[in-house]
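Asker: What follows is a predicted structure for the sequence shown.
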Amino acid sequence: MRVAAVDLGTNTTRLLVADVDDGRIDEVHRETRITRLGEGVDARGRLLPLPIARVRNALSDYRRTLERLGAQRTLAVATSAVRDAENGEAFLGEIEWSYGFATRLLSGDEEALLTRRGVDPKPGTLVVDIGGGSTELIVDDFHASLDMGAVRYTERFVHTDPPDPQELDECARAVHAILEERVQVKAQSAIGVAGTVTTLAALDLDLERYDRKRVHAHRLTTAGARTQLERLAALPLHQRRELPAIEPDRAPVIVAGAVILVSILDHFDLEEIDVSERDILDGIALAAAELPEPEEGAAPPGAFTCC
């Protein structure tokens, strides 16, 4: 069955069109737009009109793409930003009614479990998913969704350009405090997914342009991640935007994301992390294949009332 998976993340809006057969995913098309849906949510508790417009523009393009490619089911999943916003459920109702996508607002635990389903890690492996608003950590039966992410911690801690070392120290202390309180498990190895980790891998590889095939399965050492953090933190934003292999719109939040990754690796006393291009989007595709036949119906509650 050909399906479409849409990830309505805090920093990015992503699309995967894939053929799913007996749990196997064959990718047809994958696309990412940095839309910053969670911009201002940490401070205001609401999805703001401009980020919503950016997401809607991306979804309009995605709908044309998935229809052209013949997707039979589409599932759009929302995570941290929509969870935290008082108008989040109304926003999802509008998306469902406007675009005809099945939608699902994930709890933190559900987000972690869907990420694990997409990655399918070996026993004893820590899965690290650093998002814009939250970070999911999964080891075997343990899973946690932590309110720390690249966008959230940029808005909370990073106020100078280039970032002041004291700001980054405060950011790292906040990460360690959450980890000490919430995470008391051990791991033998780690897999990292999503934009922060894959971007640091591309920089570590010194790529002239981003290459998913080379990034996937790259082994990023903790020392290498720390080197890239120090490199990025020393540059003003306009120079970070110009680095090869980094999406310019990711440059504003990559430093805080790198602080989170290095702090996690330190907490688990890990010397390296394997980088994966498989992530929650793959888990969404598997869930989309399990959806029932779409039906015409009335507008869901909250449609056209989110902003």
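Answerer: Yep, that arrived.

Asker: Low-confidence regions, this protein specifically.
Answerer: 294-307 (pLDDT under 70).

Asker: ok, longest helix in it?
Answerer: helix 49-68 (DSSP state H).

Asker: next structured bit after it?
Answerer: strand 73-78 (DSSP states H and E).

Asker: which residues sit against the longest helix of the chain?
Answerer: 4, 6, 8, 13, 15, 17, 29, 31, 33, 35-40, 74, 76, 91, 95, 98-101, 306-307 (CB atoms under 8 Å, 6 or more residues apart in numbering). Backbone N, C-alpha and C define where each C-beta goes, glycine included.

Asker: Now do the buried residues in that helix.
Answerer: Across helix 49-68, burial judged by 16 or more other CB atoms under 10 Å covers P51, I52, R54, V55, R56, A58, L59, Y62, R63, T65, L66.

Asker: domain assignment for this protein?
Answerer: Split into domains by automatic domain parsing, the chain comes to 2-107+282-288, 121-277.

Asker: Make a markdown table from those and add distance to T115 to it.
Answerer: Shown next, in a markdown table, are these (distance: least, CB to CB, whole Å):
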| stretch | distance to T115 |
| --- | --- |
| domain 2-107+282-288 | 6 |
| domain 121-277 | 5 |
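
Asker: Ok, which of those domains comes nearest L113?
Answerer: Across those, the minimum distance to L113, taken as CB to CB, is reached by domain 121-277, at 6.1 Å.

Asker: first to last residue in the closest one, what's the distance?
Answerer: One end of domain 121-277 sits 13 Å from the other (CA to CA, to the nearest Å).

Asker: Pull the distance from it to the chain's centre.
Answerer: Mean-position distance between domain 121-277 and its chain equals 11 Å (CA atoms, centre = their mean, to the nearest Å).

Asker: now do stretch 73-90
Answerer: With CA atoms, centre = their mean, you get 13 Å for stretch 73-90.

Asker: what's the span of that stretch, first residue to last?
Answerer: Start-to-end span of stretch 73-90 (CA to CA) is 22 Å.

Asker: buried sites along that stretch?
Answerer: 73-85, 87-90.

Asker: Which parts of this protein are strands?
Answerer: Taking DSSP state E as the criterion, the chain contains strands spanning 2-8, 12-21, 24-34, 73-78, 102-105, 125-130, 135-139, 142-146, 189-193, 219-221, 272-275.
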